[in-house]
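A.B. asks: Fold the following for me, if possible:
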Amino acid sequence: MAHIKPFSLFPVISDNVLSNRVDQIERLFSQLTGSKSISSPIQTYNLKQVDDNHYELIVSVPGYQESDLAVSLKEGRLFVEGRKEEKTKDENEKWIHRGITQGQFTLQFDLGKNVKIEKASLSSGLLTVSIEYEVPEEEKPVMIAIENKDKK
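C.D. replies: Numbers count the residues shown, from 1 in each chain. Alright, predicted model coming up:
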C-alpha cells in the first residue's frame, strides 16, 4: 500500500502541533488496545541545514537497497519513492511484533523554485539527499547605502 506525505521545506508550526497530537493519540490507542495504529506507517526523516543554500534530507529506509529507491525532482517538488516486495508469510514463522514496513511508500516535499538536487546516497539504512537552493542574482537582496545629509 502506497501513501503520500506532502512536506514543505519550511513547515507551518500549527501543522506540526496537530500532527504531533494525532501521533500521540494513535500511540495511546495502540498501547491501550494492543491494536495497530489507526493510520498507515510514515517514513521518518530529518532535515538539516548545512549552510544558507544547502540542506540535507535524511530518510530512514531500513532494508531498502539502491535499486528499491527512486529520487526525482519535478517542478520544485521532490519525490522519494520506495518499492519493495513484501515477503510472503511463512506459516512456520511466529512474529511477536512486525513494526518495520518494507512495502511501497512515496514521500513528497514541496521545495519551491530554484532548487537543485546535488546527490543522493544510501548508507546504513539512511537515504541522504543533498539539496541546493540557487538564488538568482535578481532575487538576492540588494543593500542600499543610506546617505546622511546632516554630515558635510
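A.B. asks: contacts and neighbour counts: CA atoms only from here.
C.D. replies: Noted.
A.B. asks: so what's residue 121 bridging to?
C.D. replies: Taking DSSP bridges as the rule, residue 121 bridges to residue 128.
A.B. asks: tell me the contacts of it?
C.D. replies: 127-129 (Cα atoms under 8 Å, 6 or more residues apart in numbering).
A.B. asks: Between these, identify the one with the most neighbours.
C.D. replies: Most neighbours among the contacts of residue 121, by other Cα atoms under 10 Å: residue 127, with 24 neighbours.
A.B. asks: Now do the same contact list for that residue.
C.D. replies: Residue 127 sits in contact with 57-61, 120-121, where contact means Cα under 8 Å, 6+ apart.
A.B. asks: Helices along the protein, start to end?
C.D. replies: Under the criterion DSSP state H, helices of the chain are mapped to 13-33.
A.B. asks: what about it, any weak spots by pLDDT?
C.D. replies: For the chain, the stretches with pLDDT under 70 are 1-43, 86-89, 101, 152.
A.B. asks: repeat that with 50
C.D. replies: 10-19, 35-41 (pLDDT under 50).
A.B. asks: Can you show me the strands along it?
C.D. replies: Using DSSP state E, the strands of the chain run over 4-8, 45-49, 54-60, 69-74, 77-82, 105-110, 115-123, 126-133.
A.B. asks: sorry, back to before: any chance of the contacts of residue 121 in TSV, plus distance to residue 44?
C.D. replies: TSV is the format used below for these (distance: Cα to Cα, whole Å):
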residue	distance to residue 44
127	11
128	12
129	14
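A.B. asks: Grab the nearest non-local neighbour of residue 136.
C.D. replies: Distances taken as Cα to Cα, 6 or more residues apart in numbering put residue 114 closest to residue 136, at 7.8 Å, once the chain neighbours are dropped.
A.B. asks: That neighbour contacts residue 137, doesn't it?
C.D. replies: No: at 11.6 Å, residue 114 does not count as touching residue 137 under the criterion of Cα atoms under 8 Å.
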